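K.L.:
Kindly generate the corresponding structure for this input.
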Amino acid sequence: MRYNQAGNIPQKRHTIFKSPEDKFYYEQLFGTEGFHGISSLLYHIHRPTQIKSIGEPKDVSPKIVIDKNVTPRMFKGMNVTPEDDFLDSRKILMVNNDLKMGLAKPRKSMDYFYKNAECDELLFIHEGNGILKTFVGNLEFSKGDYLIIPRGTIYQVELQSENPVLFVLESHSPIYTPKRYRNEFGQLLEHSPFCERDIIAPTFVEPKDEVGEFLIKVKKENQITDFIYATHPFDVVGWDGYFYPYKFNIKNFEPITGRVHQPPPVHQNFEAHNFVVCSFCARMYDYHPEAIPAPYNHSNIDSDEVLFYTEGDFMSRNHIDAMDFTLHPGGIVHGPHPGAMERSIGQKFTDEYAVMVDPFRPLKITEEALKVEDTSYKTSWLEDYSQQ
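P.N.:
Here you go, the predicted model:
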(Lines give C-alpha, C1' and ligand atoms only; values in the text may rest on other atoms or scores of the structure.)
Protein backbone atom coordinates (compact mmCIF):
# COMPACT_ATOMS: atom_id res chain seq x y z
CA MET A 1 0.00 0.00 0.00
CA ARG A 2 1.06 3.59 -0.45
CA TYR A 3 0.40 6.71 1.59
CA ASN A 4 -2.86 8.54 0.91
CA GLN A 5 -4.40 11.70 2.31
CA ALA A 6 -7.90 13.09 1.79
CA GLY A 7 -10.05 15.83 3.29
CA ASN A 8 -8.85 18.04 6.13
CA ILE A 9 -6.30 16.87 8.70
CA PRO A 10 -4.16 18.70 11.27
CA GLN A 11 -0.53 19.50 10.52
CA LYS A 12 0.61 17.28 13.42
CA ARG A 13 -0.99 14.05 14.58
CA HIS A 14 -2.41 13.69 18.10
CA THR A 15 -2.88 17.45 18.45
CA ILE A 16 -5.90 19.74 18.84
CA PHE A 17 -8.00 19.90 15.67
CA LYS A 18 -11.17 22.01 15.50
CA SER A 19 -13.88 22.91 13.02
CA PRO A 20 -14.43 26.47 11.73
CA GLU A 21 -17.14 26.65 14.43
CA ASP A 22 -14.47 25.95 17.07
CA LYS A 23 -15.74 22.44 17.80
CA PHE A 24 -13.35 19.55 18.39
CA TYR A 25 -12.79 16.88 15.78
CA TYR A 26 -12.10 13.40 17.16
CA GLU A 27 -9.09 11.36 16.06
CA GLN A 28 -9.24 7.59 15.50
CA LEU A 29 -6.34 5.25 14.81
CA PHE A 30 -7.48 2.63 12.27
CA GLY A 31 -5.09 -0.28 11.91
CA THR A 32 -4.34 -3.92 12.68
CA GLU A 33 -1.65 -6.03 14.38
CA GLY A 34 -1.60 -3.83 17.45
CA PHE A 35 0.42 -0.71 16.75
CA HIS A 36 2.85 -2.56 14.48
CA GLY A 37 0.90 -3.00 11.23
CA ILE A 38 -0.04 -0.37 8.68
CA SER A 39 -2.63 2.16 9.83
CA SER A 40 -4.49 5.36 9.05
CA LEU A 41 -5.70 8.26 11.19
CA LEU A 42 -9.33 9.34 10.79
CA TYR A 43 -10.87 12.59 12.04
CA HIS A 44 -14.56 12.51 12.99
CA ILE A 45 -17.08 15.26 13.60
CA HIS A 46 -18.50 13.21 16.49
CA ARG A 47 -16.98 10.67 18.84
CA PRO A 48 -17.07 7.32 16.96
CA THR A 49 -17.77 5.48 20.22
CA GLN A 50 -21.37 6.46 20.98
CA ILE A 51 -23.21 3.14 21.30
CA LYS A 52 -26.93 3.44 22.07
CA SER A 53 -27.75 -0.26 22.18
CA ILE A 54 -26.43 -3.72 21.27
CA GLY A 55 -28.70 -6.52 20.05
CA GLU A 56 -28.50 -10.26 20.47
CA PRO A 57 -25.84 -11.92 18.29
CA LYS A 58 -26.90 -14.04 15.32
CA ASP A 59 -24.82 -17.13 14.64
CA VAL A 60 -23.65 -17.33 11.00
CA SER A 61 -21.14 -20.16 11.35
CA PRO A 62 -20.77 -22.16 8.13
CA LYS A 63 -22.15 -25.69 8.54
CA ILE A 64 -19.22 -27.98 7.85
CA VAL A 65 -20.24 -31.40 6.57
CA ILE A 66 -16.88 -32.73 5.32
CA ASP A 67 -14.10 -32.01 7.79
CA LYS A 68 -11.33 -33.92 6.01
CA ASN A 69 -11.49 -33.85 2.23
CA VAL A 70 -9.31 -35.71 -0.29
CA THR A 71 -11.80 -35.66 -3.19
CA PRO A 72 -11.46 -33.39 -6.24
CA ARG A 73 -14.71 -31.41 -6.42
CA MET A 74 -16.61 -28.98 -8.62
CA PHE A 75 -19.24 -26.57 -7.31
CA LYS A 76 -21.66 -25.01 -9.80
CA GLY A 77 -21.83 -21.34 -8.85
CA MET A 78 -24.70 -20.74 -11.27
CA ASN A 79 -26.87 -22.85 -8.94
CA VAL A 80 -26.15 -20.83 -5.80
CA THR A 81 -29.41 -19.28 -4.57
CA PRO A 82 -29.77 -15.46 -4.65
CA GLU A 83 -31.00 -13.65 -1.53
CA ASP A 84 -32.41 -10.17 -1.00
CA ASP A 85 -30.10 -9.24 1.87
CA PHE A 86 -26.44 -8.58 1.07
CA LEU A 87 -25.07 -10.53 4.03
CA ASP A 88 -27.59 -13.38 3.81
CA SER A 89 -26.60 -13.85 0.17
CA ARG A 90 -23.09 -14.94 1.11
CA LYS A 91 -22.98 -18.70 0.68
CA ILE A 92 -19.74 -20.00 2.17
CA LEU A 93 -18.56 -23.12 0.33
CA MET A 94 -15.10 -23.82 1.76
CA VAL A 95 -13.36 -22.87 5.00
CA ASN A 96 -10.29 -23.49 7.11
CA ASN A 97 -8.76 -21.67 10.07
CA ASP A 98 -7.31 -18.99 7.80
CA LEU A 99 -10.16 -18.13 5.45
CA LYS A 100 -13.73 -18.57 4.28
CA MET A 101 -14.81 -18.34 0.64
CA GLY A 102 -17.89 -18.67 -1.44
CA LEU A 103 -20.34 -16.81 -3.66
CA ALA A 104 -22.91 -14.05 -3.11
CA LYS A 105 -25.87 -13.08 -5.29
CA PRO A 106 -27.54 -10.18 -3.46
CA ARG A 107 -30.73 -8.69 -4.89
CA LYS A 108 -30.82 -5.51 -2.80
CA SER A 109 -28.44 -2.79 -1.65
CA MET A 110 -27.56 -2.50 2.03
CA ASP A 111 -29.86 -0.23 4.07
CA TYR A 112 -27.57 -0.64 7.08
CA PHE A 113 -23.82 -0.37 7.70
CA TYR A 114 -21.51 -3.36 8.08
CA LYS A 115 -18.18 -3.99 9.77
CA ASN A 116 -16.22 -7.22 9.69
CA ALA A 117 -14.35 -6.90 12.97
CA GLU A 118 -12.03 -9.88 12.51
CA CYS A 119 -11.43 -10.51 8.81
CA ASP A 120 -10.11 -8.64 5.81
CA GLU A 121 -12.49 -9.13 2.91
CA LEU A 122 -11.79 -9.69 -0.77
CA LEU A 123 -14.84 -9.24 -2.99
CA PHE A 124 -14.33 -10.09 -6.65
CA ILE A 125 -17.04 -8.70 -8.92
CA HIS A 126 -18.00 -11.45 -11.36
CA GLU A 127 -21.06 -9.54 -12.59
CA GLY A 128 -22.65 -6.21 -11.76
CA ASN A 129 -21.67 -2.72 -10.73
CA GLY A 130 -22.29 -0.34 -7.88
CA ILE A 131 -20.62 1.73 -5.19
CA LEU A 132 -18.71 0.60 -2.13
CA LYS A 133 -19.35 3.38 0.38
CA THR A 134 -16.97 3.58 3.34
CA PHE A 135 -16.03 5.96 6.13
CA VAL A 136 -12.96 7.07 4.14
CA GLY A 137 -14.72 7.52 0.79
CA ASN A 138 -16.35 5.69 -2.09
CA LEU A 139 -15.20 3.17 -4.68
CA GLU A 140 -17.25 2.63 -7.81
CA PHE A 141 -16.97 -1.01 -8.88
CA SER A 142 -17.78 -3.07 -11.95
CA LYS A 143 -17.07 -6.45 -13.53
CA GLY A 144 -13.56 -7.73 -12.89
CA ASP A 145 -12.81 -5.54 -9.87
CA TYR A 146 -11.20 -6.89 -6.73
CA LEU A 147 -12.36 -4.91 -3.69
CA ILE A 148 -9.92 -5.27 -0.79
CA ILE A 149 -11.66 -4.19 2.44
CA PRO A 150 -9.50 -4.15 5.58
CA ARG A 151 -11.02 -5.52 8.77
CA GLY A 152 -12.76 -2.84 10.80
CA THR A 153 -13.86 -0.85 7.75
CA ILE A 154 -17.45 0.36 8.10
CA TYR A 155 -19.15 0.14 4.74
CA GLN A 156 -22.32 -0.06 2.66
CA VAL A 157 -22.79 -1.52 -0.81
CA GLU A 158 -25.11 0.23 -3.24
CA LEU A 159 -25.97 -2.03 -6.16
CA GLN A 160 -26.61 -0.35 -9.51
CA SER A 161 -27.37 -3.37 -11.71
CA GLU A 162 -29.53 -6.46 -11.63
CA ASN A 163 -28.27 -9.96 -10.82
CA PRO A 164 -24.84 -9.11 -9.37
CA VAL A 165 -22.49 -12.00 -8.54
CA LEU A 166 -19.56 -11.67 -6.13
CA PHE A 167 -16.82 -14.13 -5.22
CA VAL A 168 -16.33 -13.60 -1.48
CA LEU A 169 -13.21 -14.34 0.58
CA GLU A 170 -12.76 -13.54 4.28
CA SER A 171 -9.21 -13.66 5.63
CA HIS A 172 -8.21 -13.89 9.29
CA SER A 173 -4.93 -12.15 8.39
CA PRO A 174 -4.28 -8.96 6.42
CA ILE A 175 -4.37 -9.22 2.62
CA TYR A 176 -1.34 -7.60 0.98
CA THR A 177 0.33 -7.46 -2.40
CA PRO A 178 3.19 -10.01 -2.69
CA LYS A 179 6.32 -9.03 -0.79
CA ARG A 180 8.58 -10.29 -3.56
CA TYR A 181 7.23 -7.59 -5.86
CA ARG A 182 8.05 -4.76 -3.42
CA ASN A 183 11.36 -3.16 -2.46
CA GLU A 184 12.42 -2.30 1.09
CA PHE A 185 10.46 0.95 0.85
CA GLY A 186 7.22 -0.80 -0.15
CA GLN A 187 7.29 0.38 -3.77
CA LEU A 188 6.23 -2.12 -6.42
CA LEU A 189 9.20 -3.18 -8.51
CA GLU A 190 9.59 -2.86 -12.27
CA HIS A 191 9.04 -6.58 -12.87
CA SER A 192 5.82 -6.64 -10.83
CA PRO A 193 2.76 -7.62 -12.94
CA PHE A 194 0.96 -4.49 -11.73
CA CYS A 195 1.91 -1.09 -10.32
CA GLU A 196 0.57 1.58 -7.98
CA ARG A 197 -1.38 3.21 -10.82
CA ASP A 198 -3.55 0.08 -10.97
CA ILE A 199 -4.50 0.35 -7.28
CA ILE A 200 -7.43 2.75 -6.84
CA ALA A 201 -8.03 4.42 -3.47
CA PRO A 202 -11.47 5.67 -2.36
CA THR A 203 -12.77 9.01 -3.61
CA PHE A 204 -13.32 11.34 -0.67
CA VAL A 205 -16.91 12.49 -0.05
CA GLU A 206 -18.25 15.20 2.23
CA PRO A 207 -18.82 13.97 5.81
CA LYS A 208 -22.30 13.19 7.14
CA ASP A 209 -23.02 15.35 10.18
CA GLU A 210 -26.11 13.49 11.35
CA VAL A 211 -27.42 12.30 14.72
CA GLY A 212 -30.10 9.69 15.31
CA GLU A 213 -30.00 5.90 15.23
CA PHE A 214 -27.59 4.19 12.83
CA LEU A 215 -27.48 0.41 12.52
CA ILE A 216 -24.04 -1.13 12.11
CA LYS A 217 -23.98 -4.91 11.80
CA VAL A 218 -20.71 -6.15 13.31
CA LYS A 219 -19.29 -9.57 12.54
CA LYS A 220 -16.96 -11.26 15.02
CA GLU A 221 -16.30 -14.94 15.69
CA ASN A 222 -19.01 -16.11 13.27
CA GLN A 223 -21.64 -13.95 14.89
CA ILE A 224 -23.34 -10.82 13.56
CA THR A 225 -24.50 -8.35 16.19
CA ASP A 226 -26.62 -5.23 15.65
CA PHE A 227 -25.06 -2.08 17.12
CA ILE A 228 -27.07 1.14 17.18
CA TYR A 229 -24.87 4.26 17.18
CA ALA A 230 -25.95 7.83 17.88
CA THR A 231 -24.13 9.42 14.94
CA HIS A 232 -23.58 8.66 11.27
CA PRO A 233 -20.41 6.55 10.83
CA PHE A 234 -19.43 8.46 7.67
CA ASP A 235 -18.65 11.70 9.51
CA VAL A 236 -14.93 11.67 8.66
CA VAL A 237 -13.66 15.15 7.68
CA GLY A 238 -10.25 13.85 6.66
CA TRP A 239 -7.82 10.97 6.95
CA ASP A 240 -4.31 9.91 6.04
CA GLY A 241 -2.21 6.78 6.16
CA TYR A 242 -1.61 3.44 4.50
CA PHE A 243 -4.65 1.45 5.65
CA TYR A 244 -7.78 1.80 3.52
CA PRO A 245 -9.99 -0.15 1.12
CA TYR A 246 -9.02 -0.15 -2.54
CA LYS A 247 -9.88 -1.74 -5.86
CA PHE A 248 -7.83 -3.49 -8.52
CA ASN A 249 -9.24 -4.77 -11.81
CA ILE A 250 -8.16 -8.23 -12.95
CA LYS A 251 -7.62 -6.92 -16.50
CA ASN A 252 -4.89 -4.62 -15.20
CA PHE A 253 -2.81 -7.65 -14.21
CA GLU A 254 0.03 -8.05 -16.73
CA PRO A 255 0.71 -11.78 -17.19
CA ILE A 256 4.25 -13.11 -16.99
CA THR A 257 4.94 -15.53 -19.85
CA GLY A 258 7.90 -17.62 -21.02
CA ARG A 259 9.17 -20.00 -23.69
CA VAL A 260 7.79 -22.96 -21.72
CA HIS A 261 4.88 -23.26 -19.28
CA GLN A 262 5.22 -21.00 -16.24
CA PRO A 263 4.20 -22.22 -12.76
CA PRO A 264 1.17 -20.72 -10.94
CA PRO A 265 3.20 -18.33 -8.70
CA VAL A 266 3.71 -16.03 -11.73
CA HIS A 267 -0.02 -15.31 -11.53
CA GLN A 268 0.06 -14.23 -7.87
CA ASN A 269 -1.89 -11.05 -7.10
CA PHE A 270 -2.30 -11.05 -3.29
CA GLU A 271 -1.02 -12.89 -0.25
CA ALA A 272 -2.04 -13.42 3.36
CA HIS A 273 -1.03 -15.77 6.17
CA ASN A 274 -1.21 -19.34 4.83
CA PHE A 275 -2.75 -18.59 1.43
CA VAL A 276 -2.23 -16.73 -1.84
CA VAL A 277 -4.63 -15.35 -4.47
CA CYS A 278 -3.72 -15.49 -8.16
CA SER A 279 -5.24 -13.95 -11.29
CA PHE A 280 -5.27 -16.05 -14.44
CA CYS A 281 -5.64 -13.59 -17.32
CA ALA A 282 -5.71 -13.45 -21.10
CA ARG A 283 -2.12 -13.92 -22.27
CA MET A 284 0.19 -15.17 -24.97
CA TYR A 285 0.96 -18.87 -24.69
CA ASP A 286 4.46 -20.28 -24.29
CA TYR A 287 6.58 -19.72 -27.38
CA HIS A 288 9.16 -22.51 -27.41
CA PRO A 289 8.63 -24.33 -30.76
CA GLU A 290 7.78 -27.54 -28.89
CA ALA A 291 6.03 -25.99 -25.88
CA ILE A 292 2.96 -27.58 -24.32
CA PRO A 293 0.88 -24.61 -23.10
CA ALA A 294 -1.43 -26.72 -20.93
CA PRO A 295 -0.21 -27.17 -17.34
CA TYR A 296 1.68 -30.33 -16.46
CA ASN A 297 0.23 -32.78 -13.95
CA HIS A 298 1.02 -31.76 -10.39
CA SER A 299 -0.02 -32.63 -6.86
CA ASN A 300 0.42 -29.42 -4.83
CA ILE A 301 1.40 -31.55 -1.86
CA ASP A 302 1.40 -28.66 0.61
CA SER A 303 -1.69 -26.76 -0.52
CA ASP A 304 -5.21 -27.16 -1.80
CA GLU A 305 -6.06 -25.38 -5.05
CA VAL A 306 -9.33 -23.57 -5.77
CA LEU A 307 -10.18 -21.97 -9.12
CA PHE A 308 -13.16 -19.68 -9.68
CA TYR A 309 -13.86 -19.32 -13.39
CA THR A 310 -15.11 -15.89 -14.37
CA GLU A 311 -14.65 -15.36 -18.13
CA GLY A 312 -13.45 -17.08 -21.30
CA ASP A 313 -12.59 -20.69 -22.10
CA PHE A 314 -10.24 -22.25 -19.57
CA MET A 315 -7.86 -24.31 -21.66
CA SER A 316 -6.98 -27.08 -19.18
CA ARG A 317 -10.56 -28.08 -18.28
CA ASN A 318 -13.47 -29.65 -20.15
CA HIS A 319 -17.09 -28.64 -19.50
CA ILE A 320 -16.35 -25.59 -17.35
CA ASP A 321 -18.94 -22.82 -16.98
CA ALA A 322 -18.60 -19.30 -15.65
CA MET A 323 -19.09 -19.20 -11.84
CA ASP A 324 -17.81 -22.77 -11.41
CA PHE A 325 -15.43 -23.56 -8.56
CA THR A 326 -12.98 -26.45 -8.77
CA LEU A 327 -11.19 -27.79 -5.71
CA HIS A 328 -8.09 -29.98 -5.94
CA PRO A 329 -6.92 -31.18 -2.52
CA GLY A 330 -3.23 -31.07 -1.68
CA GLY A 331 -1.38 -34.33 -2.32
CA ILE A 332 -3.84 -35.60 -4.94
CA VAL A 333 -2.40 -35.40 -8.47
CA HIS A 334 -4.40 -33.32 -10.93
CA GLY A 335 -3.82 -31.91 -14.38
CA PRO A 336 -5.43 -31.22 -17.75
CA HIS A 337 -8.56 -33.09 -18.73
CA PRO A 338 -8.20 -35.69 -21.50
CA GLY A 339 -7.66 -33.89 -24.80
CA ALA A 340 -6.80 -30.53 -23.20
CA MET A 341 -3.03 -31.01 -23.47
CA GLU A 342 -3.31 -32.04 -27.11
CA ARG A 343 -5.65 -29.14 -27.97
CA SER A 344 -3.25 -26.62 -26.44
CA ILE A 345 -0.25 -27.54 -28.63
CA GLY A 346 0.31 -24.91 -31.28
CA GLN A 347 -2.15 -22.44 -29.75
CA LYS A 348 -0.85 -18.88 -29.48
CA PHE A 349 -3.22 -17.14 -27.05
CA THR A 350 -5.76 -17.77 -24.30
CA ASP A 351 -8.66 -15.49 -23.36
CA GLU A 352 -9.35 -16.98 -19.92
CA TYR A 353 -9.94 -15.15 -16.64
CA ALA A 354 -10.05 -16.96 -13.32
CA VAL A 355 -9.31 -16.33 -9.64
CA MET A 356 -7.18 -18.96 -7.93
CA VAL A 357 -6.80 -19.40 -4.18
CA ASP A 358 -4.12 -21.71 -2.80
CA PRO A 359 -4.58 -22.33 0.96
CA PHE A 360 -1.69 -23.97 2.78
CA ARG A 361 -4.02 -25.75 5.21
CA PRO A 362 -6.73 -28.17 4.02
CA LEU A 363 -10.19 -26.84 3.25
CA LYS A 364 -13.39 -28.11 4.85
CA ILE A 365 -16.55 -28.45 2.78
CA THR A 366 -19.83 -26.83 3.84
CA GLU A 367 -23.46 -27.76 3.50
CA GLU A 368 -23.92 -24.93 0.99
CA ALA A 369 -21.18 -26.41 -1.21
CA LEU A 370 -22.78 -29.86 -1.39
CA LYS A 371 -26.05 -28.29 -2.53
CA VAL A 372 -24.36 -27.19 -5.77
CA GLU A 373 -21.75 -29.92 -6.29
CA ASP A 374 -21.27 -31.71 -9.61
CA THR A 375 -20.41 -35.14 -8.22
CA SER A 376 -19.20 -36.44 -11.59
CA TYR A 377 -16.14 -34.18 -11.52
CA LYS A 378 -13.89 -36.53 -9.54
CA THR A 379 -13.92 -39.12 -12.34
CA SER A 380 -13.82 -36.65 -15.25
CA TRP A 381 -10.20 -37.55 -16.12
CA LEU A 382 -11.07 -41.15 -17.03
CA GLU A 383 -10.22 -42.17 -20.56
CA ASP A 384 -12.20 -44.71 -22.57
CA TYR A 385 -9.68 -47.53 -23.02
CA SER A 386 -12.27 -49.75 -24.71
CA GLN A 387 -11.66 -47.87 -27.97
CA GLN A 388 -7.92 -48.65 -27.97
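
K.L.:
what's in contact with the one helix or strand residue 269 maps to?
P.N.:
Using DSSP states H and E, residue 269 sits within strand 268-272. Strand 268-272 is contacted from outside by 98-99, 120, 122, 146, 148, 171, 173-179, 193-194, 248, 250, 253, 276-279, using Cβ atoms under 8 Å, 6 or more residues apart in numbering. The way it works is simple: take the backbone N, C-alpha and C, and place the C-beta from them, glycine included.

K.L.:
mean confidence score for whichever helix or strand comes after it?
P.N.:
Next along the chain after strand 268-272, taking DSSP H and E as the criterion, comes strand 275-280. Average pLDDT, strand 275-280: 96.

K.L.:
how far away is residue 196 from residue 278?
P.N.:
20 Å (Cβ to Cβ, to the nearest Å).

K.L.:
The two: who's more crowded?
P.N.:
When residue 196 and residue 278 are compared for neighbours, residue 278 comes out ahead with 22 against 13, by other Cβ atoms under 10 Å.

K.L.:
tell me the contacts of the more buried one?
P.N.:
Contacts of residue 278 (Cβ under 8 Å, 6+ apart): 264, 265, 267, 268, 269, 355, 356, 357, 358.

K.L.:
Mind telling me what element residue 343 is part of?
P.N.:
Using DSSP H and E, residue 343 sits in helix 340-344.

K.L.:
before we move on, what about residue 147?
P.N.:
strand 145-149.

K.L.:
okay, now the residue lying closest to residue 202 once chain neighbours are set aside: neighbour count?
P.N.:
Once flanking residues are discounted, residue 202 sits nearest to residue 137: 3.0 Å by Cβ to Cβ, 6 or more residues apart in numbering. Number of residues near residue 137 (other Cβ under 10 Å) recorded here: 20.

K.L.:
give me the beta-bridge partners of residue 137?
P.N.:
Counting by DSSP bridges, residue 137 forms beta bridges with residue 134.

K.L.:
give me every residue that touches it.
P.N.:
Counting by Cβ under 8 Å, 6+ apart, residue 137 makes contact with 6, 201, 202, 203, 204, 205.

K.L.:
Among those residues, give me the pair with the biggest separation.
P.N.:
201 and 205 (12.8 Å; Cβ to Cβ).

K.L.:
sorry, back to before: relative to residue 247, how far out is the residue nearest to residue 202?
P.N.:
Going from residue 137 to residue 247 by Cβ to Cβ gives 12 Å.

K.L.:
can you pull out the strands in the stretch 151-300 of the chain?
P.N.:
For the stretch 151-300 of the chain, the strands defined by DSSP state E, counting those that start in this stretch occupy 154-159, 165-171, 211-220, 223-231, 236-241, 246-249, 268-272, 275-280, 283-284.

K.L.:
Just tell me which of these ends up closest to residue 86.
P.N.:
Of all the strands of the stretch 151-300 of the chain, strand 154-159 comes closest under Cβ to Cβ, at 5.8 Å.

K.L.:
what distance separates the closest one from the centre of its chain?
P.N.:
15 Å (Cα atoms, centre = their mean, to the nearest Å).

K.L.:
List the buried residues for it?
P.N.:
Of all the residues in strand 154-159, those buried under the rule 16 or more other Cβ atoms under 10 Å are 154, 155, 156, 157, 159.

K.L.:
for stretch 267-282, same thing?
P.N.:
For stretch 267-282, by 16+ other Cβ under 10 Å, it's 267-272, 274-281.

K.L.:
In JSON lines: the residues you listed, plus distance to residue 312.
P.N.:
What follows is the buried residues of stretch 267-282, written out as JSON lines (distance: Cβ to Cβ, whole Å):
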{"residue": "267", "distance to residue 312": "14"}
{"residue": "268", "distance to residue 312": "20"}
{"residue": "269", "distance to residue 312": "17"}
{"residue": "270", "distance to residue 312": "21"}
{"residue": "271", "distance to residue 312": "25"}
{"residue": "272", "distance to residue 312": "26"}
{"residue": "274", "distance to residue 312": "29"}
{"residue": "275", "distance to residue 312": "24"}
{"residue": "276", "distance to residue 312": "22"}
{"residue": "277", "distance to residue 312": "18"}
{"residue": "278", "distance to residue 312": "15"}
{"residue": "279", "distance to residue 312": "13"}
{"residue": "280", "distance to residue 312": "9"}
{"residue": "281", "distance to residue 312": "9"}
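
K.L.:
ok, which pair from those residues is furthest apart?
P.N.:
Of all pairs in the buried residues of stretch 267-282, the most separated under Cβ to Cβ is 274 and 281 at 24.4 Å.

K.L.:
For the residue nearest in space to the middle of the chain, list each beta-bridge partner.
P.N.:
Centrality entry for the chain: nearest residue to the mean C-alpha point is residue 122, 1.8 Å, by Cα atoms, centre = their mean. Beta bridges link residue 122 to residue 148, residue 169, judged by DSSP bridges.

K.L.:
thought it was touching residue 173?
P.N.:
No: applying Cβ atoms under 8 Å, one finds residue 122 not in contact with residue 173, separated by 12.0 Å.

K.L.:
got a list of what residue 169 touches?
P.N.:
Applying Cβ under 8 Å, 6+ apart to residue 169 gives the contacts 99, 100, 101, 121, 122, 123, 124, 277, 357.
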